[in-house]
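Colleague: What follows is a predicted protein model with its sequence.
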Amino acid sequence: MPPAIELNGLTKTYGSRRGLTALTLDVQPGEVFGYLGPNGAGKSTTIRLLLSLIRPTEGSARVLGLDPAVDAVDLHRRIGYLAGDFVVDGRQRAGECLTFLGNLRGGVPAARIVELADRLELDLTARIKSLSKGNRQKVGLVQAFMHRPELLILDEPTSGLDPLVQQTFLKLVAEARQDGGTVFMSSHIMSEVEAVADRVAIIREGRLVALDTVAALQARSELRIQLTFGEPVRAAEFAALPGVRDVLVSGSVLECRINGTPDALIKAAARHAVTGLRADRQDLEELFHGYYTGGARQETSDVA
Ligand SMILES: Nc1ncnc2c1ncn2[C@@H]1O[C@H](COP(=O)(O)OP(=O)(O)OP(=O)(O)O)[C@@H](O)[C@H]1O
């Protein structure tokens, strides 16, 4: 089976502005792939290129083994797409709009539309223009999921949704994967992607800065340690230990950060009487903030 998504040196410039620079990555069938970056990073540009809504300046994209510029009609039937700026005719009722879109995709059982609307708490009889932003987003989600597509491409899918509906959305993603589907979703919020994604890519200013599994990224996050000793200690004794940094000593209390294993620190600490130990792992949100702002080092297993 070909990769669900295969990008090779994909580049898009808008006049003198860079939208995306030499993006190379694969998304495997059955994978939930989180695509993260701050505003203006190039997420929507990537997604529009995937759907051939815009043409690349350089490089290529293949989706479900096909060329999106040539096989657009076939692909649109096999993909569920939610645009970042999902717009439909506001005069229609939500149910009519969804039935219409379902017919364009070869017909979707009415019961499937009702089931998704119920789960997302969407009123199918309401006119779209009367709906709030969050409820319009639900119409967008139903149309993306309703035909059980092989590949879901979702641009900021949870924008405007309240936390309960976000949970329902995450369940829908998990179910799509269980059914053998692939999900590519963009976001600027790590925590929602962390909950469902197998792998995560982070882009900043149009360039890929990290690509790894969620588990590997978690393992890479640093430990923050506080040790309390039975007597005063000196910072110099710990500062040069492998993996240990930002050592701060105040009397008998030592604070530091650790990348990798705490083995050397623990062995050095054991030369003293240790009366207290606290260890917190930096959460991924903070790690990602580092990537966003250029603070984190580029340490990826898949990026050349
Ligand atoms: N049609 C366009 N014309 C000119 N520049 C554009 C156009 N579309 C996007 N850009 C520029 O390309 C860069 C990437 O934009 P893109 O919309 O892909 O980012 P994004 O990651 O989706 O951001 P957001 O989270 O704000 O939607 C930005 O600098 C943006 O200003």
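Modeller: All right, it came through fine. Since we're looking at a predicted model, the values are computed, not measured.
Colleague: all contacts plus neighbour counts: C-alpha atoms, from now on.
Modeller: Noted.
Colleague: Just give me how far stretch 7-21 sits from the chain centre.
Modeller: Using CA atoms, centre = their mean, to the nearest Å, the mean C-alpha position of stretch 7-21 is found 20 Å from that of the whole chain.
Colleague: How far does it stretch from one end to the other?
Modeller: Distance between the two ends of stretch 7-21: 12 Å, counting by CA to CA, to the nearest Å.
Colleague: At the contact with the ligand, which residues of the stretch 51-200 of the chain appear?
Modeller: Applying CA under 6 Å from any ligand atom, we find that the stretch 51-200 of the chain lies next to the ligand at no residue.
Colleague: low pLDDT regions in the stretch 51-200 of the chain?
Modeller: Under the criterion pLDDT under 70, no range of the stretch 51-200 of the chain is flagged.
Colleague: I225 against N259, yeah?
Modeller: No: if you go by CA atoms under 8 Å, I225 and N259 don't touch, sitting 11.0 Å apart.
Colleague: So these two - more neighbours on which side?
Modeller: With other CA atoms under 10 Å as the criterion, I225 and N259 differ in neighbour count, and I225 comes out ahead with 19 against 15.
Colleague: and the nearest residue to the more buried one once chain neighbours are set aside, what is it in contact with?
Modeller: The spatially closest residue to I225, leaving aside those adjacent along the chain, is A279, at 4.5 Å (CA to CA, 6 or more residues apart in numbering). Under the criterion of CA atoms under 8 Å, 6 or more residues apart in numbering, the contact partners of A279 comprise L223, R224, I225, Q226.
Colleague: do you know how far A279 is from S132?
Modeller: As defined by CA to CA, A279 lies at a distance of 44 Å from S132.
Colleague: Show me this protein divided up by domain.
Modeller: Residue ranges of the domains in the chain are recorded as 5-218, 222-281, according to the TED database.
Colleague: With respect to burial, which of the ones you listed scores highest?
Modeller: Highest mean neighbour count of the domains of the chain: domain 5-218, a mean of 19 (counted as mean count of other CA atoms under 10 Å).
Colleague: For that domain, what is the spacing between the initial and final residues?
Modeller: Terminal residues of domain 5-218 lie 25 Å apart, using CA to CA.
Colleague: Output the domains of the chain in a markdown table; the columns should cover distance to T293.
Modeller: Written out in a markdown table, the entries for the domains of the chain read as follows (distance: least, CA to CA, whole Å):
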| stretch | distance to T293 |
| --- | --- |
| domain 5-218 | 8 |
| domain 222-281 | 17 |
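Colleague: contact partners of whichever strand or helix holds I113?
Modeller: Under DSSP states H and E, the secondary-structure element containing I113 is helix 110-120. Counting by CA under 8 Å, 6+ apart, the neighbours of helix 110-120 from elsewhere in the structure are G95, L98, T99, D123, L124, K138, V139, V142, M146, V165, T168, F169.
Colleague: Sheet partners, orientation included, of the host helix or strand of the residue nearest to I225?
Modeller: Taking DSSP H and E as the definition, A279 sits inside strand 274-281. Partner strands and pairing direction for strand 274-281 (DSSP bridges) are strand 223-229 (antiparallel).
Colleague: what helices or strands is whatever helix or strand comes next after the strand it pairs with leaning on?
Modeller: Proceeding N to C from strand 223-229, the next assigned helix or strand is helix 236-239, under DSSP H and E. Using 3 or more CA pairs under 8 Å, 6 or more residues apart in numbering; DSSP states H and E as the contact test, the elements touching helix 236-239 are strand 244-250, helix 263-269.
Colleague: now helix 236-239, how far from the chain's geometric center?
Modeller: Centroid displacement of helix 236-239 relative to its chain, using CA atoms, centre = their mean, is 39 Å.
Colleague: again, but for stretch 51-67
Modeller: Offset of stretch 51-67 from its chain centre (CA atoms, centre = their mean): 20 Å.
Colleague: Mind listing residues that contact it?
Modeller: By CA under 8 Å, 6+ apart, the residues outside stretch 51-67 that reach it are 2-13, 22, 48-50, 68-69, 72, 75.
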